[in-house]
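Asker: Have a look at this prediction, sequence included:
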Amino acid sequence: MTTKQPPPLMKKHSQTDLVSRLKTRKILGVGGEDDDGEVHRSKISQVLGNEIKFAMREPLGLRVWQFVSAIIFSGVAIMALTFPDQLYDAVFEEESVNSKTPIRLYGGALLSISLIMWNALYTAEKVIIRWTLLTEACYFGIQFLVTTITLVESGQASLGAALLLISRVLFVCISIYYYYQVGRRPKKV
């Protein structure tokens, strides 16, 4: 009796079989658009988030503004730490400061914020950039309110304080503008 050998088993190569790959991707939930309009290439990028598109479409001048902000925060922090009397005198035009400690603490806090600003300059993550812009806007807004209240209470108005207030309003506007620009969804082409 002759036994016929069965034909050799053909291994299915799912990597080359297009239909099988598409079915697998559909089961995993990758390859199609999500609610935000992003197409994820893998389950990992879907879970962790995909910030590649943002790196290509930054608002014009964002990095310059981040650099300028980091310089401003660092410069004022160093001035408050090393020359607290001169910093107070530049804003309020009075020579008498009861204690240098609050101004130096202010400088230490600004130096901490400036470190965050310098690190945000080198990131491409949208969330981190937005938080630093919101931090800047809150800081400048609070500084505007505190300086205004202090000037009203003391009854003094100086050119340095007026320039500080005008610059703070401008900085708040710029930070909020970039905050909303970074958060915008890109236009679909």
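Answerer: Yep, that arrived.

Asker: Quick check: next helix or strand after the helix or strand that contains residue 135?
Answerer: Following DSSP states H and E, one finds residue 135 within helix 126-154. Downstream of helix 126-154, the first helix or strand assigned by DSSP H and E is helix 159-183.

Asker: about what we covered before: name the residues of the helix holding residue 135 that are buried.
Answerer: Within helix 126-154, the residues that count as buried by 16 or more other CB atoms under 10 Å are 126, 129-130, 132-133, 135-137, 139-141, 143-144, 147, 151. Where C-beta positions appear, they are placed from N, C-alpha and C, glycine not excepted.

Asker: ok, so what distance separates residue 167 from residue 66?
Answerer: Applying CB to CB, to the nearest Å, the value for residue 167 to residue 66 is 17 Å.

Asker: again with residue 156
Answerer: Going from residue 156 to residue 66 by CB to CB gives 34 Å.

Asker: Between these two, point out the one with more neighbours.
Answerer: residue 66 (21 against 12; other CB atoms under 10 Å).

Asker: In contact with the more buried one, which residues?
Answerer: 117, 120, 121, 129, 132 (CB atoms under 8 Å, 6 or more residues apart in numbering).

Asker: Looking at the strand or helix carrying it now, give me its mean pLDDT.
Answerer: According to DSSP H and E, residue 66 maps onto helix 62-82. Averaging pLDDT along helix 62-82 yields 94.

Asker: That helix: what's the following helix or strand?
Answerer: Downstream of helix 62-82, the next assigned helix or strand under DSSP H and E is helix 84-92.

Asker: Grab the nearest non-local neighbour of residue 84.
Answerer: residue 103 (3.6 Å; CB to CB, 6 or more residues apart in numbering).

Asker: For the one you found, grab the count of nearby residues.
Answerer: Neighbour count for residue 103, taken as other CB under 10 Å: 19.

Asker: Check which helices and strands the helix or strand hosting it sits against.
Answerer: Following DSSP H and E, one finds residue 103 within helix 101-121. Applying 3 or more CB pairs under 8 Å, 6 or more residues apart in numbering; DSSP states H and E, we find helix 101-121 packed against helix 62-82, helix 84-92, helix 126-154.

Asker: Now distance to residue 183 too, for these, in a markdown table please.
Answerer: What follows is the helices and strands packed on helix 101-121, written out as a markdown table (distance: least, CB to CB, whole Å):
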| stretch | distance to residue 183 |
| --- | --- |
| helix 62-82 | 12 |
| helix 84-92 | 33 |
| helix 126-154 | 6 |
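
Asker: Just the pLDDT for residue 160.
Answerer: On pLDDT, residue 160 comes in at 78.

Asker: cool, residue 109 as well?
Answerer: In this model, residue 109 carries a pLDDT of 93.
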